[in-house]
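K.L.:
Sequence and predicted structure, then a few things I'm wondering about:
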Amino acid sequence: MNLAYRDVRHNLGRFVVTCLGLSLLLGVVLAMIGIYRGLVADATELVEAMGGEVWVVEQGTRGPFAESSRIPLDTREAIARIHGVTRTGAVTFQSIETDTGQSKLRLYVIGYEPGQLGGPKYIIAGRGLTGRNFEAVADRRTKLAPGDHIRLGRNNFTIVGITGNAVSSGGEPAIYLSLDDAQKLQFDLSPAAIRRERARGIKPASSTDTVSAVIARIHPNASAKHIAASIERWKHLTAMTQEEQIKILTQSVVEKARKQIGMFTTILILVSAVIIALIIHTMTMDKIREIATLKLIGAPDRVIVGLIVQQSLAMGLIGFGIGGLLINSIREYFPKRLVLQPADGLSLAGVVVVICLLASIYGVYTALKVDPARALAG
Amino acid sequence: MTKDKTSEKPSPLVSLGKISKHFGEGETRVDALRNVTLDIYPEQVIGLLGPSGSGKSTLLNVIGCILEPSSGRMVLDGETVYDGHWLRSDLRSLRLEKIGFIFQAHNLMPFLSCIDNVAVVLHLAGYNQQAAQKRARELLDYLEVGNRAEAYPASLSGGEAQRVAIARALANKPRIVLADEPTAALDSERAGIVMDLLRKVAIDQQAAIAVVTHDEKIYDRFDHIFNLRDGVLDKAIAGP
């Protein structure tokens, strides 16, 4: 006879409400983990999607994501001539805010040369860039559609295609422009500013002179590390492998966010443990006379411990299950990407089991301390 | 009132020899029981009377192996369980085997049906589900509450709840039944029915039954009545 189950069944309403409350708490914990995973995925996915096995940036910088980087455009041709490099691409990155008419939209502008490395990984709708000016491919999170127009800087762009999972480490959806358009957007001055520069005797810089980075794909038999080292030695640039770039992103760019979310998650787990402990203790105190009676009629401690621990585990795991379903069903509505990995879910389930067991300790201690004579008290 | 069975000289099921129990030491010492000597024989139903603080509950707790005496000797169902110290380490198991408890407030588990309240003791004693349910139903029928087997305690009347509690106390066929104010919450008619049931149990199961009570309307149902005053058990004030 399972006393824990019978007690839960008898007080089903209260148990369900408690589980629902706990599910919200554990759902938030799961969401925090998902937000962190989303942050890392966002940060690294763009790097992975661009397909560069070697990243070449301004000497002494850790660009283009962790630091600003500007290198000459003709670097791409110099890199392309290195033995072992099969494809290259020059890219620019820039955050920009635009007004869509209904709301402000922050975008991460990526400029690349159509036909070269650096473009969107895949196209969901429409087509990719062909090289014509004032066309753009946008991430679906921009909520733009092929045929839409958007103003960037002083020009209007037509959305010709939609891609997915292209966001900056800050969560801004990406928009792909041709390199030429992106450079103009980034470096061109307004006519008034050009006149002012000329009046000061300064020749305005050409918009096509610089890019943020050059990426290179290498031959399968070539070593990315050796090529990166060779570029650093001979070209006076900083070069890193894709793995190093990802490491910079995860360790530098999202490190603080990781710690912040980690702290918050830890606090939430502790709060969950305290709440479970209090609920279990209250449930135990509610049954104190029954527990005393059980002890009096000869129930061994394991029966009483089982009653408390089983209820605690059931509450935690049901709460976790409902919380997981809840977060999974609303994750698309989160402003930032939420990545729920089965391994994280299993780990959190393990943590829930542990905190339920720990939270039961106080209830079990109270129950085992109960004097069976209490059952005889009037 | 039944005949005094002691004349047939069977072995007592409960035998207390100079049992004392005190709490605290020095100036704070309270002697709850002083050299209590008492034998309760099979088929006997005895009453324990006394004012509040006289030691009735302490005596019941001692016989029920809930409270350790300070000195003396105690034999339950032929087994010496206390002789200056407990002679058994597993007292809960001893209670499960030998003693049935009936409470003033019946203490039924609110989350178990009547039949499960009885069966839970049998499960603890190692019965399987089928055997426990069969025995529990037999007991409920025996105590004439078989029709309420699936009901929960909250829906029972006081008399029905007390009968289910008696069924639970008898589930594991204990030879000793300890009842603490079992009729306190019942009217005269129902109190009489409960006492008749206890008498029937004592005879049918060859059990010894000790009842702590203040209820004057059931005094005539006991074979012997003992009065406790300041921890001292007076001689029988009623009975043959």
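P.N.:
That came through fine. Not measured: the values here are computed from a predicted model.
K.L.:
Burial check on the residue in chain B that chain A sits nearest to, number of neighbours?
P.N.:
Nearest residue of chain B to chain A (Cβ to the nearest Cβ) works out as B:L96 at 2.7 Å. C-beta coordinates here come from the backbone N, C-alpha and C atoms, glycine included. For B:L96, the neighbour count with other Cβ atoms under 10 Å in any protein chain shown is 22.
K.L.:
Quick check: mean pLDDT of the helix or strand where it lies?
P.N.:
Element membership of B:L96 [criterion: DSSP states H and E] is helix B:91-98. For helix B:91-98, mean pLDDT is 88.
K.L.:
Which strands border whichever helix or strand comes after it, and is each parallel or antiparallel?
P.N.:
Next helix or strand after helix B:91-98 toward the C-terminus (DSSP H and E): strand B:99-102. Applying DSSP bridges, strand B:99-102 is found paired with strand B:176-180 (parallel).
K.L.:
got the contact list for the strand it pairs with?
P.N.:
Counting contacts by Cβ atoms under 8 Å, 6 or more residues apart in numbering or on different chains, the residues outside strand B:176-180 that touch it are A:376, B:13-14, B:40, B:57, B:60, B:63-64, B:76-77, B:98-104, B:169-170, B:198, B:201-202, B:207-212.
K.L.:
chain center to that strand: distance?
P.N.:
Centroid separation for strand B:176-180 versus its chain: 0 Å, with Cα atoms, centre = their mean, to the nearest Å.
K.L.:
Which secondary structure elements does the next helix or strand along the chain from it sit against?
P.N.:
Of the helices and strands lying after strand B:176-180 in sequence (DSSP H and E), the nearest is helix B:188-204. Helix B:188-204 sits against strand B:45-49, helix B:158-170, strand B:176-180, strand B:208-212, with contacts defined as 3 or more Cβ pairs under 8 Å, 6 or more residues apart in numbering or on different chains; DSSP states H and E.
K.L.:
Run the chain-centre distance for the helix holding B:L96.
P.N.:
Worked out by Cα atoms, centre = their mean, helix B:91-98 lies 13 Å from the chain centre.
K.L.:
do the same with stretch A:139-157
P.N.:
24 Å.
K.L.:
Same question for stretch A:45-55.
P.N.:
Remark: stretch A:45-55 is offset 17 Å from the chain centroid, using Cα atoms, centre = their mean.
K.L.:
got the buried residues for that stretch?
P.N.:
Neighbour-count burial for stretch A:45-55, counted by 16 or more other Cβ atoms under 10 Å in any protein chain shown, picks out A:45-47, A:49-55.
K.L.:
For B:E150, which non-adjacent residue is spatially closest?
P.N.:
B:S113 (5.2 Å; Cβ to Cβ, 6 or more residues apart in numbering or on different chains).
K.L.:
ok, now A:D7?
P.N.:
Using Cβ to Cβ, 6+ apart, the nearest residue to A:D7 is B:F111, at 4.3 Å.
K.L.:
again, but for B:V118
P.N.:
B:A136 (3.8 Å).
K.L.:
Tell me who's in contact with that neighbour.
P.N.:
B:115-116, B:118-119, B:122, B:149, B:167, B:171.
K.L.:
secondary structure class for it?
P.N.:
At B:A136 the chain is in helix, as set by DSSP: H, G, I helix; E, B strand; the rest coil.
K.L.:
Look through chain A and tell me its longest strand.
P.N.:
Counting by DSSP state E, the longest strand found in chain A is strand A:85-99.
K.L.:
Quick check: of the contacts of B:A136, which lies closest to A:I123?
P.N.:
Closest approach to A:I123 among those (Cβ to Cβ): B:D116, at 64.7 Å.
K.L.:
Name the residues that touch the helix or strand hosting that closest one?
P.N.:
Element membership for B:D116, per DSSP H and E: helix B:114-124. Applying Cβ under 8 Å, 6+ apart, the set of residues contacting helix B:114-124 from outside is A:1, A:3, A:6, A:294, A:297-300, A:303, B:96, B:108-109, B:112, B:127, B:129, B:131-133, B:135-137, B:139-140, B:145, B:148-153, B:156, B:164, B:167-168, B:171-172.
K.L.:
hmm, try it at 6 Å
P.N.:
Helix B:114-124 has contacts (Cβ atoms under 6 Å, 6 or more residues apart in numbering or on different chains) with A:1, A:297-299, B:96, B:108-109, B:132-133, B:135-136, B:139, B:148-149, B:151, B:164, B:167-168, B:171-172.
K.L.:
The lowest-mean-pLDDT helix or strand in chain B vs helix B:158-170, what angle?
P.N.:
Lowest on mean pLDDT, DSSP states H and E among the helices and strands of chain B sits helix B:188-204, with a mean of 84. Helix B:188-204 runs at 20 degrees relative to helix B:158-170, counting by axes from the mean of the first three to the mean of the last three Cα atoms, to 10 degrees.
K.L.:
Surely A:A343 is in a strand?
P.N.:
No: assessed by three-state DSSP, A:A343 does not belong to a strand; its assignment is helix.
K.L.:
Can you give me the distance of the residue minimising distance to the centre of chain B to A:F93?
P.N.:
Nearest to the geometric centre of chain B sits B:L178, at 0.8 Å (Cα atoms, centre = their mean). From B:L178 across to A:F93, the span is 84 Å (Cβ to Cβ, to the nearest Å).
K.L.:
Check B:L108 too.
P.N.:
73 Å.
K.L.:
more crowded one of the two?
P.N.:
B:L108 (25 against 21).
K.L.:
residue contacts, the residue nearest to that one when sequence neighbours are not counted?
P.N.:
Nearest residue to B:L108, sequence neighbours excluded (Cβ to Cβ, 6+ apart): B:P153, at 4.0 Å. The contact partners of B:P153, taken as Cβ under 6 Å, 6+ apart, are B:108, B:110, B:161.
K.L.:
Double-check the last one against B:A105; I have them as touching.
P.N.:
No: no contact is recorded between B:A161 and B:A105 when judged using Cβ atoms under 6 Å, the distance being 8.9 Å.
K.L.:
Look at these two and report which has more neighbours.
P.N.:
The neighbour comparison of B:A161 against B:A105 (other Cβ under 10 Å) goes to B:A161, with 24 against 19.
K.L.:
near chain A, which residues of chain B?
P.N.:
Within chain B, the positions lying close to chain A (Cβ under 6 Å from any Cβ of the partner chain) are B:61, B:66, B:92, B:95-96, B:101, B:104, B:107, B:109, B:111-112, B:120-121, B:123-124, B:180.
K.L.:
Can you list the low-confidence ranges for chain A?
P.N.:
Where chain A drops to pLDDT under 70, the residues are A:188-194, A:197-198, A:201-208, A:235, A:253, A:377-378.
K.L.:
per-domain residue ranges of it.
P.N.:
A:3-42+A:256-376, A:45-253 (automatic domain parsing).
K.L.:
Centre of the chain to the last one, how far?
P.N.:
Using Cα atoms, centre = their mean, the mean C-alpha position of domain A:45-253 is found 21 Å from that of the whole chain.
K.L.:
of the contacts of B:A136, closest to A:A222?
P.N.:
B:D116 (74.7 Å).
K.L.:
For the closest residue to chain B within the stretch 51-200 of chain A, list the residues it contacts.
P.N.:
Taking Cβ to the nearest Cβ, chain B has its nearest neighbour within the stretch 51-200 of chain A at A:G171, 49.4 Å off. A:G171 makes contact with A:K336, according to Cβ under 6 Å, 6+ apart.
K.L.:
Now do the SS call for it.
P.N.:
coil.
K.L.:
thinking again about what came up before, report the buried residues of the helix holding B:L96.
P.N.:
Per 16+ other Cβ under 10 Å, helix B:91-98 contains these buried residues: B:91-92, B:94-98.
K.L.:
before we move on, what about stretch B:145-153?
P.N.:
B:145-146, B:148-149, B:151-153.
K.L.:
which of those lies closest to A:R195?
P.N.:
B:Y152 (90.8 Å).
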